[in-house]
Every structure is written in structure tokens, then in C-alpha cells.
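Visitor: Got a sequence here, can you model it:
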Amino acid sequence: MDDKELFEKAEEYIGKKVTLEGWVKNHRKQKEFGFISFSDGTFFTPIQVVYEKELKDFDEIQKIRVGSSIRVVGKVVESPKEGQAFEIQAEEVTLLGDCPEDYPIQPKKHSREFLREQAYLRPRTNLFQAVFRIRSKAAYAIHQYFQDRDYVYFHAPLITAADAEGAGEMFKVTTLDLNNVPKDKEKNVDYSKDFFGSQASLTVSGQLQAETFALAYKKTYTFGPTFRAENSNTKTHANEFWMIEPEISFCDLNQDMDIMEDMLKYVVDYVLKNCKEELKFLNDFVEEGLIDKLEKLVQSKAIRITHHDAIKYLIESGKKFEFEPKYGEDLAREHEKYLTEEKFNAPVFVYNWPKDIKAFYMRLNDDKETVAAVDLLVPGSGELMGGSQREERLEVLNARMDELKMSKEDLWWYLKLREYGGCVHSGFGMGFERLIMYLTGIENIRDVIPYPRTPGNCEF
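Guide: Numbers count the residues shown, from 1 in each chain. Model prediction:
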């Protein structure tokens, strides 16, 4: 049986014999008896196994080391230890897989930097047991939210010729011999000789392709890996990360904000209800007040302000910011913190952003200076999601791409889509790891991805 079933039905199993298989987290040995802290990974809290000298293999059991896999056969009994409902009175303890003395994950405090070097073992620690269980549950909640509302799950291509953000920070995909790269008459790389017959890259976003499905199914979403060739070593950037990107037809910016808020609250509430043990641990050892922060978000109502008004509030606050707030410019983390935690004490939608700092596909507003874009800022994290109403007017989209000197050759199909029954449509994107950092209180993105890909690091 699984640990999870035993914890959930403990009262029914008191006095009964059970068989469990899992790994030793700790082993305290006494002359006449011993205690094994044991887990099979299905439940956060480990089970205590008590064995006594009367067992025929007592001496062999005492040799079992931390990290070993074992099978335990024993009786479930009420535990005398406060805060522990039951323990296993062992009748048999069988070593299944031995572990050496130099096993890296010993029952002591390890730094997160050390555990990154042992990434293949860190899921066995309490911290990462909690983090990656929450990641799993949050992923399920995201799918459940959209599936229950009849969105079509769209698998966006990972190899693409389209730079959705227009930033050029893309990993190139090629089978060309890098020691003998073919060149054309102008001495440029001859991509006609490459595998796809043209230049290809790993995707930075599935949004553009998702829009084609939204104009067929009305509601669609992507949830998959994306890639940015950005040489950044901050705590919040990785070169491979997962994105959730819904696209909805017949949906304007205000309706888009409704969906963003509703989805976020749904996922947070799901994690609160289904990861209680993990959140309690993180609340106690990682971020004090984490549970209160999440519960408050679920119960809150997001404020909606324009980018112009956001800058106005910042300037009028009288606060001294490291980065001076300016009209027409982006918000810094300290600005987001002020708006969410001091000015409004609530999540804040900032919409109608200056067009010069936003992507080409966002709908141009009537003032010709701003676009129908929005960021959702949350207390304790800052920007968590970003979206926009998409530009459905072909002539405006063409003009915008000309203004940005963007090539239309690779995006001919995206432009053509506007000719065939186009409509008002909107969408948003949320970095999954950014969400997991918010849900867990973990500050470094490297600690919410199983095997992080960052500049100079592609291990495991």
C-alpha cells in the first residue's frame, strides 16, 4: 500500500498488518530498539517505523543506512508521540537497495546551492518534496481549469521560424556542420542546405500559433516549454521554462482580465486545498505568512488602473525610489511592490501600456500611443501574468510591423489569418515557474525547476 492511503485512512488501519516499500530518511539506533523514518514519496509526512531486539534480523536491520530502499511489514499502532497519529511496529524489515555511507542527502540541513549540484537526488529532501508536489498539483489545476471550461489544449510547436516577441533571443536549431558552414553568394549562411530548408529556432512562445486555433475553437490554451537565449543570471530567469498561454476569440481586454484573475484564484485555491502538508512546511521554513498570502489572494478583488495612472500614483506617493517612475517607461519591481502592498494592498491590473515597450501583436488604442496590454501584479511577487487584446486589424498590424522593421515573410500566415473571418480576440501568458515561486515562497527559479537550464549550465 502507499503512505498516502495509510495517512488518509489511519483510523481504519489501527491494529492491522500492512506492507510498505520506500526509502529511509533517518535511522536512529538504540541498543534494544531503533526508529526508522520512512517515506515512499506519496505523502509529505514520513512514517515512523519502530523495531525491537526480538526481531530475528535485528543486527542486520541496525546496519541499514539512510537512503536505502526497504520493505516494511508490521502492525499499525497508535503513537505515543505527540502530533503523530500512528507508527508501524515492525515485524519484518527487508533491505531492497543498499546505500553507501557517503550518500549525499544525510538527515541534516543542506544549502540550496549544494542541492543544485545534487539535482538528481534533491527530490528526496523535505524542501523539494514540497516544491515539486506543488508544481505537480498546480499543473493539474491549470489543465482542470481550462478543460472544465471547454478550452482546447493546443500543443504548440517547439521548433519554429517565428519570433513571437520580436526580440531575437532565440536558440538556433540546425544540422549544418558548424566546422564547415555552407555560404550563399553574399557570404551569408545558406539555410537552404539546412534540415528544414530555412532558419529554425526553439520557440519563445506558442501564442501566435495558438491564435490560429482560437479562431477555430473559440477557446484554446498552450502549456509547455519555451526557450530564451538570454544571457541572464538573475534569480528569476532561466533559458528553458514552461508557459501557460490561453487565447480566446470574441474576448476584449476587460474580459481577458476577468479570465486571468479567475484562473489564478482557481489554481491557488486548488493548491491550498490539496497541498496542506507541503504549504505548512514551506510556511514554517521558507516564507513566514505564505499561507495567509495565498488565502488573501483568493479572497481579494483585483484593482484595475491604467499605466498612466500607475506612474501618477508612484510620482505622487512622495516615496524615494531607486528607479524614478516615468511616463512611457516600464515598472520596476519596487514600483510593483508599492502599488500592490502599500497603495492598494491587493492584486493590481495595470493596462493600456505605452506601445513602444510592448510587442507588435498588441492592439493599438485610439490614442495611437498605447496598446491594449495588461500586466497582473500580485502582493509578495510583483508581475505574475501578462496579456493583451490582439491586433485584429490587418492594416494596423502591417503598419506596426513596418514601424518595427519586422520581416513579414516568416509570419505571412499570421497576417493572412486576419483576412479570413478575423474577430476581436485576446490572450495572456503566465510563466509556470513564476507561479511556483509565488506558491512556495522560493526566491530562485533554479529551485522550482527539476533540472534548470541557465547560462553555462546544462547538467543532468
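
Visitor: State the next helix or strand along the chain beyond the host helix or strand of Lys280.
Guide: Assigned by DSSP states H and E, Lys280 falls within helix 276-285. Helices and strands here follow DSSP H and E; after helix 276-285, the next one along the chain is helix 290-299.

Visitor: chain center to that following helix: distance?
Guide: 18 Å (C-alpha atoms, centre = their mean, to the nearest Å).

Visitor: got any ranges where this structure has weak pLDDT?
Guide: The chain contains residues with pLDDT under 70 at 164-168.

Visitor: any chance you could map the helices in it?
Guide: Secondary structure of the chain (DSSP state H): helices at 3-8, 10-13, 58-61, 112-117, 126-148, 207-217, 253-274, 276-285, 290-299, 307-316, 333-337, 394-403, 412-417, 432-440.

Visitor: wait, which of those is closest to Phe44?
Guide: For the helices of the chain, distance to Phe44 was read as C-beta to C-beta. The smallest value, 3.9 Å, belongs to helix 276-285. Glycine gets a C-beta too; all of them are placed from N, C-alpha and C.

Visitor: now stretch 345-358, how far from the chain's geometric center?
Guide: 22 Å.

Visitor: so how far does it reach from one end to the other?
Guide: Distance across stretch 345-358, first residue to last, is 27 Å (C-alpha to C-alpha, to the nearest Å).

Visitor: re earlier: now the helix holding Lys280 against helix 432-440, angle please.
Guide: On the basis of axes from the mean of the first three to the mean of the last three C-alpha atoms, to 10 degrees, helix 276-285 is oriented at 80 degrees to helix 432-440.

Visitor: contacting residues around helix 276-285?
Guide: 43-45, 126-127, 129-131, 133-134, 271-272, 289-291, 294, 440-441 (C-beta atoms under 8 Å, 6 or more residues apart in numbering).

Visitor: let's see it at 10 Å
Guide: Applying C-beta atoms under 10 Å, 6 or more residues apart in numbering, the external contacts of helix 276-285 come out as 7, 43-45, 109, 126-127, 129-134, 137, 271-272, 275, 286-294, 439-442.

Visitor: What is the burial count for Lys276?
Guide: 12 (other C-beta atoms under 10 Å).

Visitor: Kindly apply the preceding question to Asp194 instead.
Guide: Asp194, neighbours per other C-beta under 10 Å, totals 18.

Visitor: thinking again about what came up before, check the contacts of helix 276-285 for burial and list the buried ones.
Guide: Among the contacts of helix 276-285, those classed as buried by 16 or more other C-beta atoms under 10 Å are 7, 43-45, 126-127, 129-134, 137, 271-272, 275, 286-287, 290-291, 293-294, 439-442.

Visitor: Nearest residue to Leu397 in space, please, no chain neighbours.
Guide: Glu391 (4.6 Å; C-beta to C-beta, 6 or more residues apart in numbering).

Visitor: any idea how far that neighbour is from Leu415?
Guide: Glu391 sits at a distance of 10 Å from Leu415 (criterion: C-beta to C-beta, to the nearest Å).

Visitor: show me the contacts for the residue of the chain positioned farthest from its centre.
Guide: Distance to the chain centre peaks in the chain at Glu54, reaching 49.4 Å (criterion: C-alpha atoms, centre = their mean). Contacts for Glu54 (C-beta under 10 Å, 6+ apart) come out as Glu32, Phe33, Glu91.

Visitor: what's the closest of those to Lys75?
Guide: Nearest to Lys75 among these, with distances taken as C-beta to C-beta, is Glu91, at 6.9 Å.

Visitor: what about that closest one, how many neighbours?
Guide: 14.
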